[in-house]
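> only geometry, no sequence info:
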């Protein structure tokens, strides 16, 4: 055949993929069916549970409350004072007890709530710190973090943060509106993220919050008795602030006034428990001293939460019977009253009423002496 005839031959059309579309659809359908079968019948959740205890509990999303709706459970009445003249931390029988003798209802990672944007596994509560204060919680725990050059509040990660000034302002506003109340604040200075936390920067943020530093109580030294609630109220120094995991203050390198090193004045139980049973099965272990030590330390902190914050676990740990048992066991084993008990998902627990009953009974015993 000549080259001319070859040039005039028609160009063959490419084969049309007429059946490719239904093959794609069929593949997608088959993959979906396989996925559903694996989800429903394969023991993947059980396998994950062995690696991460409680993993199955995390599959249900943490409910985020509507800010315009009431809290998921009614907040118990906290103030029981008959007059403001003799009222301290909402009871009229405990003003003459020292601040380290009464029990504070505390929250773990107080700022880390669903309605502030913290979701599983970084969230510890449903409702924000402002609601905690209104409900009667007076033990506040904050994680100070250095993220991208800024001082913020975070929980183990810079992924989700909250501004320090917002929380500081909420605390000041609460104290302004409630002149009989005293707060015990512990701050973890997280050294493991973008930058270590500088205590002087923390104090600068406090100074930048109108009224915050004015409320700070300054304790002379670890050997001095702590003031009574009445003395704190009357002097209007109603915020005790402590820090840990940051610098240890010394005579040559002191902390800013009013920022006390927690483990110079306190000791604590362990804080890493994988399950509820790890807390309740052996109180000699769960009430042992993990950080701080005894001696002249006047505050005793009890950590009452599991390492990963699951709501169902917090509810189990937060019943009145469970709380009363842990407080009694720990105070007996350490021969020292519990100063602050901290937990997760505060709005789902009975801690407020337990603390009220505990402090009223303490005042009655003291009056009978």
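Received, thanks. Everything numeric here is computed off the predicted structure, so don't read it as measured data. Residues are numbered from 1 along each chain as shown.
> can you get me a residue count around residue 364?
Residue 364: 10 surrounding residues under other Cβ atoms under 10 Å. C-beta: built from backbone N, CA, C; applies to glycine.
> low pLDDT regions in the protein?
Scanning the chain for pLDDT under 70 picks out 1-78, 294-295.
> which residue is nearest the middle of it?
residue 109 (1.9 Å; Cα atoms, centre = their mean).
> can you give me the end-to-end span of stretch 246-261?
This stretch, stretch 246-261, spans 9 Å end to end (Cα to Cα, to the nearest Å).
> contacts for that stretch next, please.
The contact list for stretch 246-261, computed with Cβ atoms under 8 Å, 6 or more residues apart in numbering, reads 187, 189, 191, 196-197, 199-200, 202-203, 213, 216-219, 239-244, 264.
> switch the cut-off to 7 Å
With contact meaning Cβ atoms under 7 Å, 6 or more residues apart in numbering, stretch 246-261 is reached by 189, 197, 199-200, 203, 213, 216-219, 241-244.
> then the residue nearest to the centre of the chain would be within a helix, right?
No - counting by DSSP: H, G, I helix; E, B strand; the rest coil, residue 109 is not found in a helix; it is coil.
> neighbours around the closest residue to it other than its chain neighbours, how many?
Spatial nearest neighbour of residue 109, excluding adjacent residues (Cβ to Cβ, 6 or more residues apart in numbering): residue 124 at 4.3 Å. Residues lying near residue 124 (other Cβ under 10 Å) number 26.
> same check, this time on residue 241
Count around residue 241 with other Cβ under 10 Å applied: 27.
> and residue 188, what helix or strand is that in?
strand 183-189 (DSSP states H and E).
> list the contacts of that strand.
104, 138-144, 171, 175, 197, 199, 238-246, 262, 340.
> try 6 Å this time
104, 138-144, 197, 239-243, 245-246, 262, 340 (Cβ atoms under 6 Å, 6 or more residues apart in numbering).
> quick revisit: from the contacts of stretch 246-261, pick the one nearest residue 90.
For the contacts of stretch 246-261, the minimum distance to residue 90 (Cβ to Cβ) is 18.8 Å, reached by residue 217.
> for residue 359, give its distance to residue 100.
Going from residue 359 to residue 100 by Cβ to Cβ, to the nearest Å gives 13 Å.
> oh sorry, the question was meant for residue 170
Residue 170 sits 25 Å away from residue 100, going by Cβ to Cβ.
> same thing with residue 253?
As for residue 253, its distance to residue 100 is 26 Å (criterion: Cβ to Cβ).
> show me where this protein has strands.
Ranges of strands within the chain are 104-107, 139-147, 150-154, 161-163, 183-189, 239-244, 259-261, 266-268, 299-303, 340-343, based on DSSP state E.
> can you redo those as JSON lines with distance to residue 283?
Formatted as JSON lines, the strands of the chain follow (distance: least, Cβ to Cβ, whole Å):
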{"stretch": "strand 104-107", "distance to residue 283": "19"}
{"stretch": "strand 139-147", "distance to residue 283": "21"}
{"stretch": "strand 150-154", "distance to residue 283": "32"}
{"stretch": "strand 161-163", "distance to residue 283": "34"}
{"stretch": "strand 183-189", "distance to residue 283": "23"}
{"stretch": "strand 239-244", "distance to residue 283": "24"}
{"stretch": "strand 259-261", "distance to residue 283": "28"}
{"stretch": "strand 266-268", "distance to residue 283": "15"}
{"stretch": "strand 299-303", "distance to residue 283": "11"}
{"stretch": "strand 340-343", "distance to residue 283": "14"}
